[in-house]
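Chemist: requesting a structural model of the entry that follows:
(chains A and B)
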There are 2 protein chains.
Amino acid sequence: MKTLLLKKEEVRSLLKIEAVIASVEEGYKAYSAGKTIQPQIVSIELPEQNGEMDIKAGYSCNTRMISVKCASGFYDNQEKGTFPNSMSTVLLFNGDTGFPVCIMDGSLITGIRTGAAGAVSARLLARKDSKTAAVIGTGEQARMQILALKAVMDIKRVRIFGRSHEKMEAYQKEMSAQTDCHIELCATPEEAVKYADIIITTTPSKSPIVKQEWVRPGTHIIAVGADMEGKQELEATLFQNARIVVDHTDQCITRGETQNPLRFGLIEETDIDCEIGQILLDSKKGRTNDQEITIFDMTGMAVQDNITATEIYERALAFQIGTYHDFME
Amino acid sequence: MKTLLLKKEEVRSLLKIEAVIASVEEGYKAYSAGKTIQPQIVSIELPEQNGEMDIKAGYSCNTRMISVKCASGFYDNQEKGTFPNSMSTVLLFNGDTGFPVCIMDGSLITGIRTGAAGAVSARLLARKDSKTAAVIGTGEQARMQILALKAVMDIKRVRIFGRSHEKMEAYQKEMSAQTDCHIELCATPEEAVKYADIIITTTPSKSPIVKQEWVRPGTHIIAVGADMEGKQELEATLFQNARIVVDHTDQCITRGETQNPLRFGLIEETDIDCEIGQILLDSKKGRTNDQEITIFDMTGMAVQDNITATEIYERALAFQIGTYHDFME
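Modeler: All right, here's what the predicted structure looks like:
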């Protein structure tokens, strides 16, 4: 019995944003229906090397696969020139036998499934007539969120704010080529978000960037950046007049954007309206009117990697892509 | 940059028991010197499939490698005929960059490093003139412990007890061929341990098999089997008159043989003499006289996998064994 090996470019050729959006929805539903096992995340931190390794393992009753994602961040790599800062390996084990069916480069998976998660939230919570997205940050997620959003909504304008004008220009060039959106560079975050229908925050900031007074009624906010203790992109008072939807309550309370209004005592845990999987399962409603401000706080889940990687594996089998290796002979 | 892939038979060709014993010693020393990072073990349990997956991750300052071992146990596999019950995959990541340098079949590693751990304890704690080993159980560790022990001591007789006569006979046949030991089958555990210099318990038992009154002064006991809550192979009172050495205090207290005398209130945590790494670092003594009974309780550590796998990887490089795969192109 052989293990399928998939390289980065093979994974890229198999990734279809529409399929990943469907996988992420399936993952959220499976989680909210209690059909997943997701142990705590294991982290090995190596401050001397300015590096870390996170291991996210999970099982899904739908895929019947155990997934293990080993994702590293070594933040001096790029400067040294040999490796990218972030690398990732995903292993899939058959959940009926434990056999390792597939080992794939996982560099693209986290990025695309995180983008897809934002799109899922926009489909459920943004106004149907949304045309303008504001993006804070100019990195990978600033791109991925828009590419995914375009698959579910007819976004025409992207107003981008980042601290580096050079990076904003690079973003404009790339995204103008990849989408039909009009990309507008903004000098301040206020300029970016003031007329937006959807606001997407994608920075590693530790202090608020988006102020409450700039956000119009009817706006949907996708809070991507905050994923560990101490991170914050939104003014905490924004949560007081918004409908709060999270991907995973426990994680968002401790590591997501939601940690901040909770810590400041501005909201209580019971002010979190629901998990997004509950909306997908129809036990909670999506957007209910054109005036409410909605916030989707996401921290990422192993089951998203699990279902996305399984979908890639199955497509690789169907298209006969990849290399086989027999580890057990 | 390419990742080295090692198959089971390639790993076997690179495994030398003497080298693994040295690796295990290095691992114990590194752990007791505070030169390792070993996060908690992650387990995914799938009772419906009679299966489980354990993920042991660790970092060693000596090897500068991050290791991740994914070890599965699906206990109906063998009956179904396609896969062994236990399978294992070990990944090694460079601790300065996060790059996955090696992915190897790990099936043999746990077995051999566990055998080596017993041998390390015997070298430090058994009487130098030990000639007779008693083995309870007839499985993989019943074999591995003796093969490793033979590398450090001149054992002449092995007295084996298992519940299946057939399995005892198979053991006798195999081990007579692989060693120069006289293998003697015993009808009761008492018969096996009564005249032993070293007692090795290797079963998944949940009630005591070895009674205190059968154990002679000067005996060294290697407690291999107990590795999770509820397991027990030794009569708990044995601990009251023995010198207790563990591999990892926290693990042994909760999952090792030591859990039992503690739970029954027969000993306190302070009655644990030391961790074996402390003896190897010369901060504690090995055997001090011919009369004391010593117990080595082992539960296994990520750093043992880390150092053993790194040693295999380095030998593979030196001997140009294995296949390279570029996951990142």
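
Chemist: all contacts plus neighbour counts: C-alpha atoms, from now on.
Modeler: Fine.

Chemist: how far out from the middle of the chain is the lowest-mean-pLDDT helix or strand in chain A?
Modeler: Every helix and strand of chain A was ranked by mean pLDDT, DSSP states H and E. The lowest is helix A:77-80, at a mean of 91. How far helix A:77-80 lies from its chain's middle: 25 Å, per Cα atoms, centre = their mean, to the nearest Å.

Chemist: the very next helix or strand once past that helix near chain B anywhere?
Modeler: Sequence-wise, the next helix or strand downstream of helix A:77-80 (DSSP states H and E) is strand A:86-94. Yes. Under the criterion of Cα under 8 Å from any Cα of the partner chain, chain B is reached by strand A:86-94 at A:87, A:89.

Chemist: can you tell me what sits against strand A:86-94?
Modeler: In this structure, residues lying in contact with strand A:86-94 by Cα atoms under 8 Å, 6 or more residues apart in numbering or on different chains are A:64-75, A:99-107, A:306, A:309-310, B:98-100.

Chemist: what about the helix or strand immediately after that strand in the chain and chain B, any contact?
Modeler: Using DSSP H and E, the helix or strand that follows strand A:86-94 in sequence is strand A:100-105. Yes. Judged by Cα under 8 Å from any Cα, strand A:100-105 comes into contact with chain B at A:100, A:104-105.

Chemist: does anything pack onto strand A:100-105? Which helices or strands?
Modeler: With contacts defined as 3 or more Cα pairs under 8 Å, 6 or more residues apart in numbering or on different chains; DSSP states H and E, strand A:100-105 has these neighbours: strand A:3-6, helix A:8-14, strand A:86-94.

Chemist: export it as CSV, just CAs?
Modeler: The C-alpha trace of strand A:100-105 is given here as CSV (Å, rounded to 0.1, in the frame of the first residue of the first chain):
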residue,chain,number,x,y,z
PRO,A,100,-0.9,7.4,5.9
VAL,A,101,-2.7,7.9,2.6
CYS,A,102,-1.2,11.2,1.6
ILE,A,103,1.6,13.6,2.5
MET,A,104,1.3,17.0,0.8
ASP,A,105,2.9,20.4,0.9
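
Chemist: just give me how far it sits from the chain centre.
Modeler: Strand A:100-105 sits 22 Å away from the centroid of its parent chain (Cα atoms, centre = their mean).

Chemist: what lines up beside that strand in the sheet?
Modeler: Sheet pairing for strand A:100-105, assigned by DSSP bridges, gives strand A:3-6 (parallel), strand A:86-94 (antiparallel).

Chemist: check the nearest residue to residue A:322 once chain neighbours are set aside and give its pLDDT.
Modeler: Of all residues not flanking residue A:322 in the chain, residue A:6 sits nearest, at 5.1 Å (Cα to Cα, 6 or more residues apart in numbering or on different chains). Model confidence at residue A:6, given as pLDDT, is 98.

Chemist: so residue A:6 touches residue A:317, yeah?
Modeler: No. At 10.8 Å, residue A:6 and residue A:317 do not qualify as touching, with contact defined as Cα atoms under 8 Å.

Chemist: the two: which is more packed in?
Modeler: A count of neighbours by other Cα atoms under 10 Å in any protein chain shown puts residue A:6 above the other of residue A:6 and residue A:317, at 26 against 12.

Chemist: who does the more buried one form a beta bridge with?
Modeler: Note on residue A:6: beta-bridge partners by DSSP bridges are residue A:104.

Chemist: so what's it up against?
Modeler: By Cα under 8 Å, 6+ apart, residue A:6 lies in contact with A:102-105, A:321-323, B:327.

Chemist: export the residues you listed as CSV, with columns for distance to residue A:201.
Modeler: Converted to CSV, the contacts of residue A:6 look like this (distance: Cα to Cα, whole Å):
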residue, distance to residue A:201
A:102, 34
A:103, 32
A:104, 29
A:105, 27
A:321, 36
A:322, 36
A:323, 38
B:327, 31
